[in-house]
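>>> sequence plus the predicted model coming up.
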Amino acid sequence: MMAEADLRTYRGGCHCGAVRFEVVAPARVTVQDCNCSMCATTGFLHLIVPAARFRLLSGADSLTEYRFNTGAARHLFCKVCGVKSFYVPRSNPDGYSVNLRVLDRSQFETVTIEPFDGQNWDAHGGTLAGLSKP
């Protein structure tokens, strides 16, 4: 279990600034670089956090949602600039996956990027379950 002192608050948002949020995460993180069609296309690096550690600061009215395949994941995009800064992942519906690329990476002590085989979701999706647990 992680001590509260190990957690920091990071701010991020979309390209145009219409959507802003903050996320509480450790100073040392491991993120997933997924090769599925959606993530590979958008360059999303997954930092999965519990819903309690995510707060939308502004732009709820600027978000639009896209669902595909099973419809379980809620992909949220800024209506103005089209950037997906975060979404509710199928693997952790009780949390958020934040794109590390929209946060100031220099604020983290270390970032480890591990590959994730999302092209073969049925075989590997279970390895992500629980990442949104405190």
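That came through, no problem.
>>> okay, CA-based contacts and neighbour counts for the rest of this
Will do.
>>> quick check, pLDDT for residue 6.
Per-residue pLDDT puts residue 6 at 88.
>>> for it, what are its contacts?
Residue 6 sits next to 26, 27 when contact means Cα atoms under 8 Å, 6 or more residues apart in numbering.
>>> which residue ranges of the protein form helices?
37-42, 121-124 (DSSP state H).
>>> weakest of the ones you listed by average pLDDT?
Taking the mean pLDDT of the helices of the chain, helix 121-124 comes last: a mean of 86.
>>> can you list contacts of stretch 13-20?
So stretch 13-20 is contacted by 11-12, 21, 56-60, 62-63, 78, 80-81, 83-85, 102-103 (Cα under 8 Å, 6+ apart).
>>> in the protein, where is pLDDT below threshold?
Scanning the chain for pLDDT under 70 picks out the ranges 1-5.
>>> follow-up on the earlier one: can you turn the buried part of the contacts of stretch 13-20 into a ChimeraX selection?
Command for ChimeraX that selects the buried part of the contacts of stretch 13-20, burial taken from 16 or more other Cα atoms under 10 Å:
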select :11,12,21,59,63,78,83,84,85,102,103
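>>> out of the contacts of stretch 13-20, which are inside strands?
Judged by DSSP state E, the contacts of stretch 13-20 include 11, 12, 21, 56, 57, 58, 63, 78 as members of strands.
>>> got the contact list for the last one?
Under the criterion of Cα under 8 Å, 6+ apart, the contact partners of residue 78 comprise 14, 18, 19, 62, 63, 64, 84.
>>> and which of those residues is nearest to residue 43?
residue 84 (10.0 Å; Cα to Cα).
>>> if I look at the closest one, how far off is residue 27?
Plainly put, residue 84 is 23 Å away from residue 27 if you go by Cα to Cα, to the nearest Å.
>>> around residue 109, count how many other residues there are.
By other Cα atoms under 10 Å, the residues close to residue 109 number 10.
>>> so it makes contact with residue 30?
No. The criterion here is Cα atoms under 8 Å, and residue 109 misses it with residue 30 at 11.3 Å.
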